[in-house]
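Trainee: Pasting a predicted model and its sequence here:
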Amino acid sequence: MADLKNISFVMPVRDEEKYLRTAVESVFAQQVPGEMELILAIAPSKDQTMEIAMQLATEFGEKLQIVENPEGITPIALNLAIAKARYEVVLRVDAHSDLSDGYAALAVEILNQTGAANVGGMMVAKGKSDFQSAVAYGYNDRIGLGGGAFHVGGEAGPKETVYLGVFRKSVLDELGGFDPFWVRGQDWELNQRIRKADYQVWFDPRLQVGYYPRSSWEELARQFFKTGRWRGALTRNNPADSSVRYWIPPILVLSLVWGFPLGLYLLAIGIYVFTRSGPSNNVKAWLMLVLPTMHFAWGLGFWWGLFRGVSRG
């Protein structure tokens, strides 16, 4: 098997005027073992996203391509970008993220060493405000999102799924790419198909991507409810492949409906939060709102998706 060197970065983008330049500059700051390109799949946006993307295309020239994604759906954006990719290595990056130094070169090295179809690492959430820092803490701690390796770390090796992903384009082409139905959870669904086709999905904690989560309570609650719905629908379709950690927030919701004291739950959250040594007092105060929002919005969404399913529209 020939060594891989050249990389096509693909990035779905929508309403990202605050973060797009940082994300693009993070990509082009990467040292790669061969040639590189970045393909932005731009959805219809309410802000200046397209204008900023055009400015960036002028600055970076032929190394940055733009493809329009009129349906505005992430898996379709990814498939459009992948279709334009010239290289065998396809590295997915998010407009809310920035890649750690050496990320791309290390990912290619791991692809070559392991022969995996997809490699990835950790989402390292970051915050610019106290509220966003509290959300980031929830992402990075087991009490927030349940302790998946790509949130809290772990040993390198084959895993169920990884964050974002660095793929072999030939495998994506073989499997038909991302399934357009799965507006959310499309990475998990694709990784499931990769594993069922007897390819490996490989996790390595050295691969780290900075991620800026939602910065308001309304956005956070909406995001987690929607994500929970799609996770519930994925579980409905593939119950045997559902990890135990996905059931913890839904069971918490049920326990409160069945009479478990809400005050006891909040007390447990408070004891956990205020005995941590890392977060500031302001961040700890926000965590008393952020963590229940994560748990209940996700858990309620999960039951909705499990029993009612979802529709792409």
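Mentor: Thanks, I have it.
Trainee: looking at this, Trp286 is in a strand?
Mentor: No: in this structure, Trp286 is helix, not part of a strand, as judged by DSSP: H, G, I helix; E, B strand; the rest coil.
Trainee: residues of stretch 55-68 that come out buried?
Mentor: 56-57, 60, 64-66 (16 or more other C-beta atoms under 10 Å). Any C-beta I mention is one placed from the backbone N, CA and C, and that applies to glycine too.
Trainee: Quick one: mark the members of those residues that sit in strands.
Mentor: Counting by DSSP state E, those place 64-66 in strands.
Trainee: which one of those residues sits closest to Leu190?
Mentor: Ranked by distance to Leu190 (C-beta to C-beta), these are led by Gln65 at 22.3 Å.
Trainee: who's in contact with the residue nearest to that closest one when sequence neighbours are not counted?
Mentor: Leaving out its chain neighbours, the residue that sits closest to Gln65 by C-beta to C-beta, 6 or more residues apart in numbering is Ile39, at 4.7 Å. If you count contacts by C-beta atoms under 8 Å, 6 or more residues apart in numbering, Ile39 has them with 8-11, 64-67, 81, 84-85.
Trainee: now with 7 Å?
Mentor: Applying C-beta atoms under 7 Å, 6 or more residues apart in numbering to Ile39 gives the contacts 8, 10, 65, 67, 81, 84-85.
Trainee: Max pairwise distance over those: which two?
Mentor: Taking C-beta to C-beta as the measure, the contacts of Ile39 span a maximum distance of 12.1 Å, between Ser8 and Val67.
Trainee: circling back to that earlier point, any chance of a ChimeraX selection covering the buried ones in the contacts of Ile39?
Mentor: Buried residues within the contacts of Ile39, by 16+ other C-beta under 10 Å, are selected in ChimeraX with:
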select :8,10,65,81,85
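Trainee: Among the contacts of Ile39, pick out the one closest to Trp298, please.
Mentor: The closest of these to Trp298 turns out to be Val10 (C-beta to C-beta; 27.1 Å).
Trainee: Which SSE is immediately downstream of the host helix or strand of that closest one?
Mentor: Val10 belongs to strand 7-13 when assigned by DSSP states H and E. Beyond strand 7-13 in the direction of the C-terminus, DSSP H and E gives the next helix or strand as helix 20-28.
Trainee: Name every strand pairing with the following helix or strand past that next one and say which way it goes.
Mentor: The helix or strand immediately downstream of helix 20-28 is strand 36-42, counting by DSSP H and E. Strand 36-42 pairs in its sheet with strand 7-13 (parallel), strand 64-68 (parallel), by DSSP bridges.
Trainee: Please compute how far strand 36-42 lies from its chain's middle.
Mentor: Its chain's C-alpha centre and that of strand 36-42 lie 18 Å apart, by C-alpha atoms, centre = their mean, to the nearest Å.
Trainee: Any buried residues in it, and which?
Mentor: 36-42.
Trainee: need the residues you listed in CSV with pLDDT and distance to Gly154, can you?
Mentor: Putting these into CSV (pLDDT from 0 to 100; distance: C-beta to C-beta, whole Å) gives the following:
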residue, pLDDT, distance to Gly154
Met36, 96, 29
Glu37, 97, 32
Leu38, 97, 29
Ile39, 97, 31
Leu40, 97, 32
Ala41, 97, 31
Ile42, 95, 35
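Trainee: Which residue comes closest to Met50 once chain neighbours are left out?
Mentor: Nearest non-adjacent residue to Met50 (C-beta to C-beta, 6+ apart): Ile42, at 5.7 Å.
Trainee: Quick one: residues contacting that neighbour.
Mentor: 13, 49-50, 53, 66, 68-69.
Trainee: again with Arg168
Mentor: 88, 117.
Trainee: which residues does it bridge with?
Mentor: Beta-bridge partners, per DSSP bridges, of Arg168: Val89.
Trainee: out of the ones in strands among the buried residues of stretch 55-68, which one sits closest to Leu262?
Mentor: Once C-beta to C-beta is applied, the member of these that ends up nearest Leu262 is Ile66, at 48.7 Å.
Trainee: how far away is Asn281 from Val257?
Mentor: Remark: distance between Asn281 and Val257 (C-beta to C-beta, to the nearest Å) = 33 Å.
Trainee: Kindly report the same for Phe203.
Mentor: 35 Å.
Trainee: Between these two, tell me which one has more neighbours.
Mentor: Taking other C-beta atoms under 10 Å, Phe203 and Val257 do not tie; Phe203 has more neighbours (26 against 8).
Trainee: mind showing which ranges of the stretch 151-300 of the chain have poor pLDDT?
Mentor: Along the stretch 151-300 of the chain, segments meeting pLDDT under 70 span 151-153, 239-242.
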